[in-house]
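Visitor: Have a look; sequence and predicted model below, questions after that.
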Amino acid sequence: MKRNGLISVIIWCFVSCSFVGRAIGQTCSESNKRNTEALPSATVSLQSYSSPGWRVTYYPDMDCQWTIDANNSYRIMVDVREYIIEDGEGADCVYDSLRFYDGATTGAQVTPVCGTARSGRMFVSSGPAALLRLTSDYSIQQAGFTMRYIMTKTDDHGGCGTATTLTATTNTVQYITNKQWPDSYDENSLCRWTITSSSGGKVSMTILFSDMLSGEECYSDTLEIFDGSSRTDPSLTQGYFCDSRGTFPSRSSMTFVTSGTQAFIRFRSIASGWRRHGFFLSFVDVQGAVTTTQAPTTTTTQPPNEVCSSGTVQLTANNDTQLIQSPSYPIFYSPNMLCSWLITAPTGALIQLKVIDSYLEDTDGCVGDYVHIHDGSNADSAVIATYCGEISSSVNSTSNRLYIQFRTDGSVGQRGFQLEYTVLYDYSTPSCAPPAGVTNLEANATAQYFESPNYPDNYNSSSTFYWLIHNPSDTGYIRLEVEDSRIEADPYCTYDKVTVYRGPCTTYPILSSFCGVEKPTVTQYTGSYVLVVFTTDATADFRGFRIKYYVTTEVEKTSTFWRDVALIAGATIAGIAAVAIIVGLAVAAKKGKLPGMKSSGPKKRRLSVSSLSSSSSSSDESDKESSNKRKRPKTALRSKTKVRLPPVKSAKVETLPKVSIKGQSKLPPIAKK
């Protein structure tokens, strides 16, 4: 007995020690970073899951596992839509990694991934169990992953090569797939099925998942469902259907019902160099009298939110999952569009917006085609996400309103986007907020205060502090008034500073930033959160700050009288100066004194003997008077000296002295009179 008891203790110790530090059955969180969580069992309907902190950051030193199970004889398809994980050294992903195990334990065959994949990756289990594991080290953390999963099985019912006839019953849901499903393929094939209702009623078919080659036109893979027994009958899919896993589901409904007792399904694939998985479709008999009504022109209408010419589309979020998509999605959108949607949730609820697919024109800074997500009721609200190219992110609002704007330029079009929204009754700290060291404050109409650490003594150096202020009332505005500020001063606040963000995260726009002795007043008009961040460097420390915060319904008024006076005075002075400059230029132009401009006034006479000999008698008398006052210079004239020579009296030419002008050519001889 003692020996058996000792063995039991050893076995118990072994099992217990193998799970030290790991929480079983709990949700992965900052306090439970090493746990195993069972996700809801897979069904034939898609279910979604995202890693903790998705789109912001996962936890350091984490090891979280998620198990998924399904019914026997079924397999599990895990569609990782996107992952952003610290890249490791090669395929081993030695730093952080997301690992897919083909089984219920970590002893199963594993496929690790890391780095960034905007289009994600598909994993398929070989049996009814799968496990995903996200691990990280202490250094760099990235955004994580988002995925969806479904239970599936291979049920091609033949049909490929030779057409097959099937019978729909009311008690059993049956399935049709391409023959390679759920494994990937790239080959030529043609499959056809005719389905007949066993009760004389109608046939209802639902496309549960699709991964084909999609584009502006279906070219490699095509799936068609007809309301009858052949291709000559009306098309329930309204032509070809070819959703890829990135675009599925491209319609608000994937269920098609015949008007009669039969349906014809046709699938064709062409080898294209790209591997894909195909489609997964269910069918069942729907009892009811057969009508002779022709198949409707369309059985899956696009939501009314795709109309861009009727102003902002008003939508209401509820517990159901609803869709927003670009016009004509997944057909390429048109140029020069401006579309907007306003989603409103019940008072007290938030809005959760998930990106199902996004493929827009890719430009630096998203200056071409883009989607802006505003955390509020209009385009003046804070922008919390911008999409272009294949870049997208799922977000939560901080109030009960979310405004979406889609703008295209005049150049290329792309597939567009599809978004999913629902209400979220959760006022816990937003996941994008700093994960640790945050002081949570709740604002109301009563003034409250918070101060820098140690205030009024000096604050700590080389530190970062966070205050997250929330207005839970959904009315009024959060206002901050800095009553005291003594922070290390710098013209650009590059050392110590306080930064106020227009939302719960540092990814939101900045409302204000200050240092030194500045005492600004800041008001948040577009959301119910304000994040205040105080950062200090390793040098000088000062007293810090004291800030009052409260909720108000008054819009901050700023006096603009002296600013207007300054503007008017400046404009007046600028006008006078401009007139003076114009007048000065006109005068200078008239006198020929502008640079590079020849003078239009009288030219100065060149000094020459011929000019001296041609002086008039009337000027001789005046020249005589001036000759009494001036003496002829004894030296030769310099070329740059302005000297007026006295008139030459009548005399023989030979008696005139020879005049030499330095720097000038010799004077011509004087002709004899």
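Guide: Arrived safely. Only a predicted model underlies this, so the values are computations on that prediction, with no experimental measurement involved.
Visitor: For the rest of this, base every contact and every neighbour count on C-alpha atoms.
Guide: OK.
Visitor: Pull up the gap between Trp66 and Tyr138, please.
Guide: Relative to Tyr138, Trp66 is positioned 21 Å away (criterion: CA to CA, to the nearest Å).
Visitor: Give me the nearest residue to the residue nearest the centre of the chain, chain neighbours excluded.
Guide: With distances taken as CA atoms, centre = their mean, the chain has Thr386 as the residue nearest its mean C-alpha position (2.4 Å). Counting by CA to CA, 6 or more residues apart in numbering, His372 is the residue found nearest to Thr386 once chain neighbours are left out, at 4.7 Å.
Visitor: My read is that the one you found contacts Val395, right?
Guide: No - counting by CA atoms under 8 Å, His372 does not reach Val395; the two are 11.7 Å apart.
Visitor: Mutual contacts of the two, please.
Guide: Common neighbours of His372 and Val395 are listed as Ile384, Ala385 (criterion: CA atoms under 8 Å, 6 or more residues apart in numbering).
Visitor: circling back: surely the residue nearest to Thr386 is within a helix?
Guide: No - His372 is assigned strand when assessed by DSSP: H, G, I helix; E, B strand; the rest coil, not a helix.
Visitor: what's near enough to touch it?
Guide: So His372 contacts Val383, Ile384, Ala385, Thr386, Tyr387, Ile404, Gln405, Phe406 (CA under 8 Å, 6+ apart).
Visitor: The helix or strand hosting the residue nearest to the centre of the chain - what's its average pLDDT?
Guide: Assigned by DSSP states H and E, Thr386 belongs to strand 383-387. Strand 383-387 comes out with an average pLDDT of 80.
Visitor: quick one: secondary structure of Ile576?
Guide: Applying three-state DSSP: Ile576 is helix.
Visitor: got it, and the one 4 residues further on?
Guide: Assigned with three-state DSSP, Ala580 falls in the helix class.
Visitor: Tally up the residues packed near it, please.
Guide: Ala580 has 12 neighbouring residues, counting by other CA atoms under 10 Å.
Visitor: need the helices for the stretch 251-400 of the chain, in chain order.
Guide: Taking DSSP state H, counting those that start in this stretch as the criterion, the stretch 251-400 of the chain carries no helices.
Visitor: I meant to write the chain there.
Guide: With helices called from DSSP state H, the chain shows them at 2-18, 561-591, 609-613, 617-629.
Visitor: Local confidence estimate at Lys202?
Guide: Model confidence at Lys202, given as pLDDT, is 94.
Visitor: actually Gly115, not the one I wrote
Guide: On the pLDDT scale, Gly115 gets 90.
Visitor: can you check Ser600 too?
Guide: Ser600 is assigned 48 on the pLDDT scale.
Visitor: now do the one 3 residues further on
Guide: If you check Lys603, the pLDDT there is 47.
Visitor: From here on, call the first residue 2.
Guide: Okay, using 2 as the starting number, the last item reads as Lys604.
Visitor: For Tyr388, list each beta-bridge partner.
Guide: Tyr388 has these beta-bridge partners by DSSP bridges: Val372.
Visitor: Tell me how far it lies from Thr147.
Guide: 17 Å.
Visitor: Where do the strands of the stretch 352-501 of the chain begin and end?
Guide: 371-375, 384-388, 396-397, 402-408, 417-425, 439-443, 449-452, 465-471, 478-487, 498-502 (DSSP state E, counting those that start in this stretch).
Visitor: Tally up the residues packed near Ile582, please.
Guide: Residues near Ile582, counting by other CA under 10 Å, number 11.
Visitor: how close does it get to Val588?
Guide: Distance of Ile582 to Val588, given as CA to CA: 10 Å.
Visitor: before we move on, back to that, how about the contacts of His373, which pair is most distant?
Guide: Spatially, the most separated pair among these is Ile385 and Phe407, at 14.2 Å (CA to CA).
Visitor: Could you point out which residue ranges in the stretch 402-551 of the chain have low pLDDT?
Guide: Counting by pLDDT under 70, the stretch 402-551 of the chain shows low-confidence ranges at 427-434, 436-437, 475.
Visitor: thinking Thr527 is in contact with Ala380, fair?
Guide: No - shown here, Thr527 and Ala380 do not form a contact pair, counting by CA under 8 Å, at 10.0 Å.
Visitor: And these two? Which one has more around it.
Guide: Neighbours per residue (other CA under 10 Å) separate Thr527 from Ala380, with Thr527 holding more: 22 against 17.
Visitor: Check the gap between that one and Pro510 for me.
Guide: Relative to Pro510, Thr527 is positioned 11 Å away (CA to CA).
Visitor: Overlap of the contact sets of these two?
Guide: Ala383, Arg503.
Visitor: on that earlier part again, among the contacts of His373, the buried ones, what's the ChimeraX command?
Guide: Here is the ChimeraX command that picks out the buried ones among those, judged by 16 or more other CA atoms under 10 Å:
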select :384,385,386,387,388,405,406,407
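Visitor: Out of the contacts of His373, the closest to Arg119 would be?
Guide: Tyr388 (12.5 Å).
Visitor: OK, contacts around the closest one?
Guide: Under the criterion of CA under 8 Å, 6+ apart, the neighbours of Tyr388 are Ser359, Leu361, Cys367, Tyr371, Val372, His373, Ser394.
Visitor: pLDDT of stretch 179-196, averaged?
Guide: Averaging pLDDT along stretch 179-196 gives 87.
Visitor: In that stretch, which residues are buried?
Guide: Of the residues in stretch 179-196, 179-184, 186-188, 191-196 count as buried by neighbour count, 16+ other CA under 10 Å.
Visitor: can you list contacts of that stretch?
Guide: By CA under 8 Å, 6+ apart, the surrounding residues in contact with stretch 179-196 are 78, 125, 153-157, 159-169, 204, 230, 263-281.
Visitor: Take the residues you listed and keep only those in strands.
Guide: 78, 125, 153, 165-169, 204, 263-270, 279-281 (DSSP state E).
Visitor: Filter these down to the buried ones, PyMOL style.
Guide: Listed next is the PyMOL selection for buried residues among those, using 16+ other CA under 10 Å:
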select buried, resi 78+125+153+167+168+169+204+263+264+265+266+267+268+269+270+279+280+281
